[in-house]
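Engineer: Okay, structure incoming, though there's no sequence with it:
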């Protein structure tokens with residue numbers, strides 16, 4: 001996900017190795033068996049798996065997903081003298097297949113406000129070259145953004161609180177993609193607040209884009225959750241106007257997203273509305289929002305995404 005003159009976080013695990021491939025590779029090495037011999041032993045048990053598939057599994061290039069492959073992993077555990085479930089328990093959920101899943105992936109790509117050609121060099125720089133394509137191992141359970149609008153009408157700061165759940169062992173970072181608000185705007189200062197630190201950062205001034213790692217204080221394993229909090233502080237005054245909107249772009253579904261926009265008393269707008277779009281070729285949905293007594297508005301999205309969700313004002 002990304003946010004406009006806001007930030008997007010893209011969850012990602014390791015670029016190739018994962019807990020399953022690491023454990024399988026270690027078990028094969030300890031057994032002293034070649035892949036050819038393992039394949040032969042599988043065949044004697046009525047299981048057909050190619051040497052190429054075994055090689056891909058242990059390198060992390062592929063993961064067992066089909067029912068026949070899952071059955072093969074159970075037999076592999078026996079051949080490699082591993083406890084039942086030692087390998088199966090490390091597999092992430094399978095990627096969805098079929099027309100509906102292809103449509104979902106296409107919709108996610110359609111909503112990207114920056115082309116892949118712009119993002120990929122930045123992702124390479126932070127060590128996540130496959131982040132746009134791979135099955136991510138962190139699920140965004142909940143996200144709360146609080147955007148502060150300064151007296152000059154620009155965006156002074158955004159504070160974000162995210163709850164993430166690991167779908168595989170050893171997850172230790174979340175990727176943040178931030179739109180500065182155009183090439184004329186300076187990049188914000190990223191300030192980790194809770195349970196994380198700043199890792200590698202890449203900035204594209206020409207396109208007004210920053211990609212940064214938020215590294216967890218400790219890795220989390222499958223099923224565990226992590227709460228992180230960070231702030232993005234814009235230089236000013238004057239502050240970037242952000243085109244009078246703040247949004248997040250989600251490339252995967254988020255269970256709950258809460259967005260607050262807090263206005264200075266001198267810049268309370270006449271009208272605010274929430275908007276959402278789930279694909280570039282679909283109409284935008286809008287809903288007017290009422291200002292609270294503190295000069296803020298908020299909007300909530302439940303089980304939303306892929307798509308764009310934001311608040312705009314005039």
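Structural biologist: All right, it came through fine. All figures in this text were calculated on a predicted structure; none of them were measured in a lab.

Engineer: Just the helices from the chain, written as ranges.
Structural biologist: Residue ranges of the helices in the chain, as given by DSSP state H, are 19-31, 35-44, 51-59, 67-79, 99-110, 116-125.

Engineer: which stretch in the ones you listed has the least confidence?
Structural biologist: Sorting the helices of the chain by mean pLDDT places helix 99-110 lowest, at a mean of 40.

Engineer: and of the helices of the chain, who's closest to residue 167?
Structural biologist: helix 19-31 (10.5 Å; CB to CB). C-betas here are computed from N, CA, C, even on glycine.

Engineer: how about the helices of the chain in a markdown table, adding mean neighbour count and distance to residue 268?
Structural biologist: Written out in a markdown table, the entries for the helices of the chain read as follows (neighbours: other CB atoms under 10 Å; distance: least, CB to CB, whole Å):
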| stretch | mean neighbour count | distance to residue 268 |
| --- | --- | --- |
| helix 19-31 | 17 | 50 |
| helix 35-44 | 14 | 67 |
| helix 51-59 | 17 | 57 |
| helix 67-79 | 16 | 57 |
| helix 99-110 | 14 | 35 |
| helix 116-125 | 15 | 35 |
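
Engineer: distance of residue 204 from residue 88?
Structural biologist: For residue 204, the distance to residue 88 (CB to CB, to the nearest Å) stands at 41 Å.

Engineer: Of those two, which one has the most company?
Structural biologist: residue 204 (18 against 15; other CB atoms under 10 Å).

Engineer: give me the beta-bridge partners of the more buried one?
Structural biologist: Bridge pairing for residue 204 (DSSP bridges) gives the partners residue 209.

Engineer: doesn't residue 120 make contact with it?
Structural biologist: No. Counting by CB atoms under 8 Å, residue 120 is not a contact partner of residue 204; they are 11.0 Å apart.

Engineer: for the protein, which spans come out with low pLDDT?
Structural biologist: Within the chain, the segments meeting pLDDT under 70 span 1-17, 65-68, 89, 91-115, 133-135, 181-184, 280-281.
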